[in-house]
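Asks: sequence unknown, structure follows:
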């Protein structure tokens, strides 16, 4: 049917998903809609639909990030039936160590109708969001903490991001864990500075101290639970608690040292910090800036342009950029990004979407 009464096909959309230890978010944006202010007045894509999801779970089998993405896509299916996907990108925590094979994530996006898909480490998405595609270093500090310094071509250097048991210094899980350790030290009466404020906050949140090991050690989302105590540490610091103040000072110092370690020769001395821990403000950022200035006075620390979700959206849009010379937003690198392309026009999201355990669908998948 043609003519003025013919049904109009739904516009093609670009989808970005950010999956992390504190939750997940999805944004679907009309393909040809330029960036503008969102309803809250913050920078963002006009006409965007956003969804929130649960945190990723880490078990002995690895990450369930593919399940998280499938759940969000299923919600999108129900709320926007007939939506057509041109391209999609996922930013995921734990890539590649806890998500050694990103194929399942590509499968979810492909099954949703996306012909071009990208799966990126959260550190790369944070970099693309914070520096807007410029080379330099970005510290992504949420539940975990990692610094990626890169020229987005040949030089890639990482500092930290080793998880809450081995690293993530200065992160939400690190601050929360050290806050709980300070609370236990106060409970035990050990020598050194005590913090009745942190102990009281921890008792209110987690119950009697004897139950804390059982409440924490068996949790697949243990890092998220530890990070959930960070606001209490921040509140205690604002109230003048010396132990909490010192913890936040140390967090900022650790982050600065990770940035300095990642900025190797060949990477421009430009840096940004992004993530929820930055919402604490001066108790973290002031020591961070002071320590970084002492270690690397040549480094210019700039405000983040956007979030990891913004970076994932930038990556998804780049999959469709057909202008000569503009396609390579990021050069190939096995650790940080894989791209899959399949022939054909944008597809419509089917009635339901679930992770595929079969082999990758026909198409071209590259580490790019």
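Replies: Perfect, I can see it now. Please read these numbers as outputs of a predicted model, since none were measured by experiment. Residues are numbered from 1 along each chain as shown.
Asks: Tell me if I am right that residue 28 is in a strand.
Replies: Yes. Judged by DSSP: H, G, I helix; E, B strand; the rest coil, residue 28 forms part of a strand.
Asks: isn't it right up against residue 17?
Replies: No. Using Cβ atoms under 8 Å, residue 28 makes no contact with residue 17, being 9.7 Å away. For glycine as for every other residue, the C-beta is placed from the backbone atoms N, C-alpha and C.
Asks: Pick out whichever of the two has more residues nearby.
Replies: Neighbour tally, residue 28 and residue 17, criterion other Cβ atoms under 10 Å: the higher count belongs to residue 17, 31 against 25.
Asks: For my notes, confirm the more buried one occurs in a helix.
Replies: No. Counting by three-state DSSP, residue 17 is not found in a helix; it is strand.
Asks: quick one: it from residue 315, how far?
Replies: 11 Å (Cβ to Cβ, to the nearest Å).
Asks: Count the neighbours of residue 304 for me.
Replies: 21.
Asks: could you pull out the strands for the stretch 201-350 of the chain?
Replies: 270-274, 300-301, 337-341, 347-348 (DSSP state E, counting those that start in this stretch).
Asks: Ranking those by mean neighbour count, which comes first?
Replies: strand 270-274 (a mean of 24; mean count of other Cβ atoms under 10 Å).
Asks: where does the stretch 201-350 of the chain have low pLDDT?
Replies: 322-328, 330-333, 343-350 (pLDDT under 70).
Asks: Distance check, the residue lying closest to residue 175 once chain neighbours are set aside against residue 210.
Replies: Spatial nearest neighbour of residue 175, excluding adjacent residues (Cβ to Cβ, 6 or more residues apart in numbering): residue 230 at 4.6 Å. To residue 210, residue 230 is 23 Å away according to Cβ to Cβ.
Asks: if you count what's nearby, which of the two comes out ahead?
Replies: For residue 230 versus residue 210, neighbours defined as other Cβ under 10 Å are more numerous around residue 230 (27 against 8).
Asks: Can you name the residues that contact the residue lying closest to residue 57 once chain neighbours are set aside?
Replies: If the residues on either side of it in the chain are set aside, residue 57 comes closest to residue 220, at 4.4 Å by Cβ to Cβ, 6+ apart. Residues counted as contacts of residue 220 (Cβ atoms under 8 Å, 6 or more residues apart in numbering) are 57, 58, 59.
Asks: got it, and residue 76?
Replies: 15, 26, 28, 49, 51, 83, 112, 349.
Asks: pLDDT score for the third one?
Replies: Meaning residue 28. pLDDT, residue 28: 90.
Asks: so how far is residue 20 from it?
Replies: For residue 28, the distance to residue 20 - Cβ to Cβ - is 19 Å.
Asks: Same check on the second one?
Replies: In this structure, residue 26 and residue 20 are separated by 12 Å, where distance is defined by Cβ to Cβ.
Asks: Kindly report the same for the fourth one.
Replies: According to Cβ to Cβ, residue 49 stands 20 Å off from residue 20.
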